[in-house]
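Trainee: only geometry, no sequence info:
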């Protein structure tokens, strides 16, 4: 919703955020949702879906890097990756920075999100033509159900909030299909909302992942100015292994250029406030990891 012609405003869970805009650049109604693009005063271009902020040109790199690199560097040898959602192609672009990746399959329901992103956020779509990338525009629920077992090393759930069509992507049934598609040692990573405003969603997501067969879980926190509360999270789930490499420097980490991600950032992101640790049952092992790193 808009406050007036000079502001875009979003109200969510009793919280409001506004961005000053210069003009609206694009608007269309797809079979699935309404896409709008604005030019803002301080955050570059803004994309919204059904009036909800999806990304801005200024801070999207934080989200996309934290949704991809921690899981990829924690995996022993990621070769095949699946991105669910992510129609703006920012996560796809980050994954393809890893030179050893063989394939990335992106499964996005609404093709228009990608085509609009190619027009207004070309920097995020710079890897769309990479021969390792396959862009599919179909229902991820059906795709994951029919996908070959043990065919992926990392699955990135770059989804919208759990409302409407996206609500199905936060269920045990879907996570169980992801578990089947992952190889042993695989990692599932999902955007898991704001720990401050959406603790019930975060706890529910972790419970559904556990019920689907995933063992160790880790929730990372990070700052994202234009998402509700400015405090966001990603939750990683491991298949048949522990997160021994999460937050440790990888041999090839210097070969991937990032603006926010670093091993130190990930180790810090694992340190949750005591109340949140208690709510999630996640005990931070940052001191153990740091000690191991210093002994190397």
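Mentor: Looks like it came in fine. Just so you know, these numbers come straight off a predicted model, no measurement behind them.
Trainee: do a quick rundown of the helices in the stretch 101-250 of the chain.
Mentor: Remark: helices assigned in the stretch 101-250 of the chain by DSSP state H, counting those that start in this stretch are 111-120, 140-146, 172-181, 199-211.
Trainee: make JSON lines from these and add mean neighbour count, distance to residue 235 and mean pLDDT to it.
Mentor: Placement of C-beta: from N, CA and C, glycine included. Shown next, in JSON lines, are those (neighbours: other C-beta atoms under 10 Å; distance: least, C-beta to C-beta, whole Å; pLDDT from 0 to 100):
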{"stretch": "helix 111-120", "mean neighbour count": "18", "distance to residue 235": "23", "mean pLDDT": "98"}
{"stretch": "helix 140-146", "mean neighbour count": "17", "distance to residue 235": "18", "mean pLDDT": "97"}
{"stretch": "helix 172-181", "mean neighbour count": "20", "distance to residue 235": "11", "mean pLDDT": "97"}
{"stretch": "helix 199-211", "mean neighbour count": "18", "distance to residue 235": "6", "mean pLDDT": "96"}
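Trainee: and residue 220, which of these is closest to it?
Mentor: helix 199-211 (11.6 Å; C-beta to C-beta).
Trainee: chain center to that closest one: distance?
Mentor: 16 Å (C-alpha atoms, centre = their mean, to the nearest Å).
Trainee: report the buried residues of the longest strand along the chain.
Mentor: Within the chain, and with DSSP state E defining each element, the longest strand by residue count is strand 15-29. For strand 15-29, burial by neighbour count (16 or more other C-beta atoms under 10 Å) applies to 17, 19, 21, 25.
Trainee: so which other helices or strands are in contact with it?
Mentor: Counting by 3 or more C-beta pairs under 8 Å, 6 or more residues apart in numbering; DSSP states H and E, the packing neighbours recorded for strand 15-29 are strand 7-12, strand 34-40, strand 45-49, helix 111-120.
Trainee: Serialize those to JSON lines and add fields for distance to residue 209.
Mentor: JSON lines is the format used below for those (distance: least, C-beta to C-beta, whole Å):
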{"stretch": "strand 7-12", "distance to residue 209": "24"}
{"stretch": "strand 34-40", "distance to residue 209": "30"}
{"stretch": "strand 45-49", "distance to residue 209": "25"}
{"stretch": "helix 111-120", "distance to residue 209": "26"}
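Trainee: out of the ones you listed, the one nearest residue 76 is which?
Mentor: Nearest to residue 76, of all the helices and strands packed on strand 15-29, is helix 111-120, at 30.9 Å by C-beta to C-beta.
Trainee: and the closest one with strand 45-49, angle?
Mentor: Inter-element angle recorded for helix 111-120 and strand 45-49: 170 degrees (by axes from the mean of the first three to the mean of the last three C-alpha atoms, to 10 degrees).
Trainee: and the contacts of helix 111-120?
Mentor: By C-beta atoms under 8 Å, 6 or more residues apart in numbering, the surrounding residues in contact with helix 111-120 are 25-26, 28, 30, 35, 37, 45, 47, 49, 87-89, 108, 124-125, 128, 135, 137.
Trainee: would you write a PyMOL line that selects the buried entries of the residues you listed?
Mentor: Restricted to buried positions by 16+ other C-beta under 10 Å, the PyMOL selection for those reads:
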select buried, resi 25+35+37+45+47+49+87+88+89+108+124+125+128+135
